[in-house]
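>>> Generate a structure from the sequence data that follows.
(chains A and B)
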Amino acid sequence: GENVEQHPSTLSVQEGDSAVIKCTYSDSASNYFPWYKQELGKGPQLIIDIRSNVGEKKDQRIAVTLNKTAKHFSLHITETQPEDSAVYFCAASRKKYQAGTALIFGKGTTLSVSS
Amino acid sequence: NAGVTQTPKFQVLKTGQSMTLQCAQDMNHNSMYWYRQDPGMGLRLIYYSASEGTTDKGEVPNGYNVSRLNKREFSLRLESAAPSQTSVYFCASSEDRDRRAYEQYFGPGTRLTVT
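Next comes the predicted model:
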């Protein structure tokens, strides 16, 4: 069935290093790819998103790249800081439903940034 | 502007008991969603509502019912709780204009334990 694979499940980096999280999706109709950050005890919060007509998007230290042919998209965080430590989820839109657009989520990556 | 609010924050039920999880948003969004989050599983869609008066099943609807009471409120009901429904439940809303997906805003979650 339709799914989103996310790797790695855990990632530990030193403060100042870069972190990369990768996702692949299976539904060729997906055209919206958000990334969410979830801190302990809170709901997920959008950090960046990209649509299928764009190959790359950047917002300060965060960037997302999309390869529609390979059905891959990646999150890049540069100059990591301890406050970047959280669980990150990728997601892809799905057109399966008659109306409205729901998301299918990856299983998450726990990022730990040590100082 | 409170965003998405959920009640209660925590709940413990015995097997077979029923309860309703409440969700409200003040952003005038058309679409609302219920997800469950289990360790290592990411977020899985239970039900969604594309507009007031409509509801549809997501990936894991069995054992749940929903009501879109009005544009602001979307409730999730467990008629006969089972231990497998122990989870963290998140409500979300989004604008979804013109069949384009937009950012989903999440509530703080309800931690439910069924014994």
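
>>> The residue lying closest to A:Tyr25 once chain neighbours are set aside pairs with what?
Excluding the flanking residues, the one nearest A:Tyr25 by Cβ to Cβ, 6 or more residues apart in numbering or on different chains is A:Ala92, at 4.2 Å. C-betas here are computed from N, CA, C, even on glycine. On the basis of DSSP bridges, A:Ala92 is bridged to A:Ile104.

>>> Can you pull the poorly scored residue ranges out of chain A?
In the predicted model, chain A carries pLDDT under 70 at residues A:1, A:95-101.

>>> Return the residues of it in contact with chain B.
By Cβ under 8 Å from any Cβ of the partner chain, the residues of chain A that approach chain B are A:6, A:9, A:31-32, A:34, A:36, A:41-46, A:49, A:89, A:93, A:97-108.

>>> Restricted to buried residues, select the residues you listed in PyMOL.
Buried residues among those (16 or more other Cβ atoms under 10 Å in any protein chain shown), as a PyMOL selection:
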select buried, chain A and resi 6+31+32+34+36+43+44+49+89+93+100+101+102+103+104+105+106+107+108
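
>>> Mind checking which of the residues of chain A next to chain B land in strands?
Among the residues of chain A next to chain B, the ones falling in strands (DSSP state E) are A:6, A:32, A:34, A:36, A:45-46, A:49, A:89, A:93, A:102-105.

>>> now, which of these sits nearest A:Glu15?
Closest approach to A:Glu15 among these (Cβ to Cβ): A:Gln45, at 21.7 Å.

>>> OK, contacts around the nearest residue to that closest one once chain neighbours are set aside?
Nearest non-adjacent residue to A:Gln45, counting by Cβ to Cβ, 6+ apart: A:Lys37, 5.6 Å away. Counting by Cβ atoms under 8 Å, 6 or more residues apart in numbering or on different chains, A:Lys37 touches A:44-45, A:47, A:86-88.

>>> now do 7 Å
When contacts are counted by Cβ atoms under 7 Å, 6 or more residues apart in numbering or on different chains, A:Lys37 touches A:44-45, A:47, A:86, A:88.

>>> how about the residue positioned nearest the centre of chain B, what does it touch?
Among the residues of chain B, the one closest to the centroid is B:Trp34, at 2.6 Å (Cα atoms, centre = their mean). Residues near B:Trp34 by Cβ under 7 Å, 6+ apart: B:46-47, B:66, B:76, B:89, B:91.

>>> A:Val20 too?
A:74, A:76.

>>> quick one: it from A:Glu83, how far?
18 Å (Cβ to Cβ, to the nearest Å).

>>> now do A:Gly108
With distances taken as Cβ to Cβ, A:Gly108 is found 18 Å from A:Glu83.

>>> and the helix-or-strand element of chain B with minimal mean pLDDT, which strands flank it?
Across the helices and strands of chain B, mean confidence by mean pLDDT, DSSP states H and E is lowest for strand B:56-57: a mean of 90. Paired neighbours of strand B:56-57 in the sheet (DSSP bridges): strand B:42-49 (antiparallel).

>>> buried set for the partner strand?
For strand B:42-49, by 16+ other Cβ under 10 Å, it's B:42-49.

>>> part of a strand, is B:Cys23?
Yes - per DSSP: H, G, I helix; E, B strand; the rest coil, B:Cys23 lies within a strand segment.

>>> In terms of pLDDT, where does it sit?
Per-residue pLDDT puts B:Cys23 at 98.

>>> Compute the number of surrounding residues for B:Asn62.
Other residues lying near B:Asn62 total 8 when counted by other Cβ atoms under 10 Å in any protein chain shown.
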